[in-house]
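**Student:** With the sequence up front, the predicted model follows.
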Amino acid sequence: MADQARTDVNTLGEFGLIEHLTKNFKTRQKTTILGVGDDAAIIDTGGPEQLVVSTDMLVEGIHFDFAYTPLKHLGYKSVSVNVSDICAMNARPQQITVSIAISNRFSVEALDEFYEGVRAACDKYGVDLIGGDTTSSLKGLIISVTAIGRAPAERITRRSTAKVGDIICVTGHLGSAYLGLQLLEREKEVYLANPDMQPEMKEENKELYAAILRPEARTDMVDLFAKNNIIPTAMIDVSDGLASEIFHICKASGVGAILEEGNIPIKQEAQLQALEFNMDPVTVALSGGEDYELLFTIDPKDLEKVRFLPNIYISGEIVAKEDGVKLHTVGGNIHPVRAQGWEHFGE
């Protein structure tokens, strides 16, 4: 019998693999408004509001390293990253389920610490833990969280509805999480080389550590949009880097984009740390990942509303598809942007 062809999953990447595996699935239920392909699925409730549902996994050795990740922070982050997907649909999170697979090296006390973080995040975001599952793992810890949110049907925002002429905006700052990770990895290497050395956790870097270990979902932005009567024309959360996310919006919406280098928000401490690592701060913001800020587009008529809102940065414009995705540099040059975000499969 002839050998079957074997395709390595790395050739497709995370989103390419999802697209490949689900391409032959059709929606059968009238209540399924949107299935695979966005930050969350949309389900009709028969009323004025719709449900949005998202699931994410965190795997030890891929998404977190216990060499520098406290269990309480991990519990908090597990909730935050899923709540972020609900925010990316312009919806408010309401419930979560948490499932874990654990190896025999985890004690009840260790799991208590993890769930303390889960509870802290539930308190922060006002969500209820309504279920989950536990099972055994032969190696390490695997976490799967499902988040459920709700929003009026007319306010739910997808990736696929950006239009030419829309303004590109970003909440908060980018690049901090990636640089926090680099600092932690550096300290890990020092420790492995000499276990007697104490980690050098500088006070001026505490925000960079917090960005990677205990990120916050932007539920405040969903409230801010509602208060100011703004409905983004498209939106996604920045989990894999600004470049990767703008490509997702452009692909889903059939458009291109121009990002303004000078308007990509990066905190000063992140810029200084990037330079210390001999990295370009803008490249870190474009490709770093795990910031969990919101990248969204607005109709030009809402520009004056957005311009004076706190923690929102106007960073570019949606253009025609044939113009591609470009970066307009401070020096006046225009370069193609590469979607080189984080990939969660092996190197």
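**Tutor:** In hand now; what should we look at?
**Student:** How about residues contacting the helix or strand hosting Q94?
**Tutor:** Secondary structure from DSSP states H and E places Q94 in strand 92-102. Under the contact criterion Cβ atoms under 8 Å, 6 or more residues apart in numbering, strand 92-102 has outside partners 78-79, 82-83, 86-87, 111, 114-115, 118, 122, 125-137, 141-151, 217, 219, 222-223. Any C-beta I mention is one placed from the backbone N, CA and C, and that applies to glycine too.
**Student:** Over to stretch 325-344?
**Tutor:** Contacts to stretch 325-344, defined as Cβ under 8 Å, 6+ apart, come from residues 10, 13-14, 62-63, 239-241, 243-247, 250, 256-262, 282, 286-290, 316, 324.
**Student:** so how far is it off the chain centroid?
**Tutor:** The chain centre lies 19 Å from the centre of stretch 325-344; the measure is Cα atoms, centre = their mean, to the nearest Å.
**Student:** With only the CA atoms kept, save it in PDB.
**Tutor:** Below are the C-alpha coordinates for stretch 325-344, written out as PDB (Å, rounded to 0.1, in the frame of the first residue of the first chain):
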ATOM      1  CA  VAL A 325      -1.000  46.200   4.100                       C
ATOM      2  CA  LYS A 326       1.700  48.800   4.400                       C
ATOM      3  CA  LEU A 327       3.600  50.700   7.100                       C
ATOM      4  CA  HIS A 328       4.100  54.400   6.500                       C
ATOM      5  CA  THR A 329       7.400  55.200   8.400                       C
ATOM      6  CA  VAL A 330       8.200  58.400  10.300                       C
ATOM      7  CA  GLY A 331      10.800  59.100   7.500                       C
ATOM      8  CA  GLY A 332       8.100  59.100   4.900                       C
ATOM      9  CA  ASN A 333       8.800  55.600   3.300                       C
ATOM     10  CA  ILE A 334       6.200  53.000   2.700                       C
ATOM     11  CA  HIS A 335       7.000  49.300   3.400                       C
ATOM     12  CA  PRO A 336       4.900  46.100   3.100                       C
ATOM     13  CA  VAL A 337       4.000  44.700   6.500                       C
ATOM     14  CA  ARG A 338       4.600  41.000   7.200                       C
ATOM     15  CA  ALA A 339       2.200  39.100   9.300                       C
ATOM     16  CA  GLN A 340       4.900  37.600  11.600                       C
ATOM     17  CA  GLY A 341       2.900  37.200  14.800                       C
ATOM     18  CA  TRP A 342       3.300  34.400  17.400                       C
ATOM     19  CA  GLU A 343       2.600  30.900  16.100                       C
ATOM     20  CA  HIS A 344       1.600  28.400  18.800                       C
END
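**Student:** quick one: the strands in the stretch 1-150 of the chain?
**Tutor:** Counting by DSSP state E, counting those that start in this stretch, the stretch 1-150 of the chain has strands at residues 32-34, 41-44, 49-59, 92-102, 128-136, 142-152.
**Student:** The fifth one pairs with which strands, parallel or anti?
**Tutor:** Taking DSSP bridges as the criterion, strand 128-136 sits next to strand 92-102 (parallel) in its sheet.
**Student:** hang on, the earlier thing: between the strands of the stretch 1-150 of the chain, which has the poorest mean confidence score?
**Tutor:** Out of the strands of the stretch 1-150 of the chain, the stretch the model trusts least by mean pLDDT is strand 32-34, with a mean of 72.
**Student:** how close does the residue nearest the centre of the chain sit to C250?
**Tutor:** Nearest to the centroid of the C-alpha atoms of the chain, with distances taken as Cα atoms, centre = their mean, sits S239, at 2.4 Å. Taken as Cβ to Cβ, to the nearest Å, the spacing of S239 relative to C250 amounts to 17 Å.
**Student:** Could you list the low-pLDDT ranges of the stretch 151-300 of the chain?
**Tutor:** Low-confidence regions of the stretch 151-300 of the chain, defined here as pLDDT under 70, cover residues 196-201.
**Student:** what about K305, how many neighbours?
**Tutor:** By the criterion of other Cβ atoms under 10 Å, K305 has 13 neighbours.
**Student:** cool, I312 as well?
**Tutor:** If you count neighbours by other Cβ under 10 Å, I312 ends up with 22.
**Student:** And for P195?
**Tutor:** Other residues lying near P195 total 7 when counted by other Cβ under 10 Å.
**Student:** and it, that's in a helix?
**Tutor:** No - the assignment for P195 is coil, going by DSSP: H, G, I helix; E, B strand; the rest coil, so no helix is present there.
**Student:** Can you give me the distance of it to K188?
**Tutor:** With distances defined as Cβ to Cβ, the gap from P195 to K188 amounts to 11 Å.
**Student:** among the strands of the stretch 1-150 of the chain, which is nearest K206?
**Tutor:** With distances scored as Cβ to Cβ, the stretch of these nearest to K206 is strand 49-59 (22.7 Å).
**Student:** how far does the closest one sit from the chain's center?
**Tutor:** On the basis of Cα atoms, centre = their mean, strand 49-59 sits 12 Å off its chain's mean C-alpha point.
**Student:** Just name whatever secondary elements that strand is in contact with.
**Tutor:** strand 41-44, helix 71-87, strand 142-152 (3 or more Cβ pairs under 8 Å, 6 or more residues apart in numbering; DSSP states H and E).
**Student:** Format those as JSON lines; extra columns: distance to S107.
**Tutor:** What follows is these, written out as JSON lines (distance: least, Cβ to Cβ, whole Å):
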{"stretch": "strand 41-44", "distance to S107": "36"}
{"stretch": "helix 71-87", "distance to S107": "11"}
{"stretch": "strand 142-152", "distance to S107": "17"}
